[in-house]
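Novice: Give me a 3D structure for the following:
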Amino acid sequence: MKNKLTEQEKKLYRQVDEVLHYMWDPIGVRGIAQARDEYYSYLPQVFSRLVNNGTTEDIASYLVAAERDSMGLTPDKGNAMNIAETLLGLKEAIIDDGF
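Specialist: Take a look at the predicted model:
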């Protein structure tokens, strides 16, 4: 397993962080500056799924499980699918297309 991320992977990692904080945001903290790190613990798992060719369903399932098991919430499966599709679109634009 490699230890260093390429520049494209670094860009994708930052974008995944933004999506988790501003779009996924299951506990509603996007407007609270002190909570900017709230979803950092989920970031490596989501990123790993993306770069290892996870499917929309795989990524959405992880987000649903995080909402249910870690946060004690009733997951929004539709939103999780939308977020997963957004993330895969970012991966395609940044990594697969080389931008």
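Novice: for the helix ranked longest in the chain, packing partners?
Specialist: Ranked by residue count and defined by DSSP state H, the top helix of the chain is helix 77-91. If contacts are counted by 3 or more C-beta pairs under 8 Å, 6 or more residues apart in numbering; DSSP states H and E, helix 77-91 sits against helix 7-19, helix 43-51, helix 56-65. Any C-beta I mention is one placed from the backbone N, CA and C, and that applies to glycine too.
Novice: Contacts for the shortest one, please.
Specialist: The set of residues external to helix 43-51 that reach it, using C-beta atoms under 8 Å, 6 or more residues apart in numbering, is 9, 12-13, 16-17, 20, 54, 58-59, 62-63, 87-88, 91, 95.
Novice: Recalculate using a threshold of 6 Å.
Specialist: Tyr13, Val16, Asp17, Asp58, Ile59, Leu87, Lys91 (C-beta atoms under 6 Å, 6 or more residues apart in numbering).
Novice: Run a quick neighbour tally on the second one.
Specialist: Counted with other C-beta atoms under 10 Å, residues neighbouring Val16 total 26.
Novice: Right, I'll leave it there.
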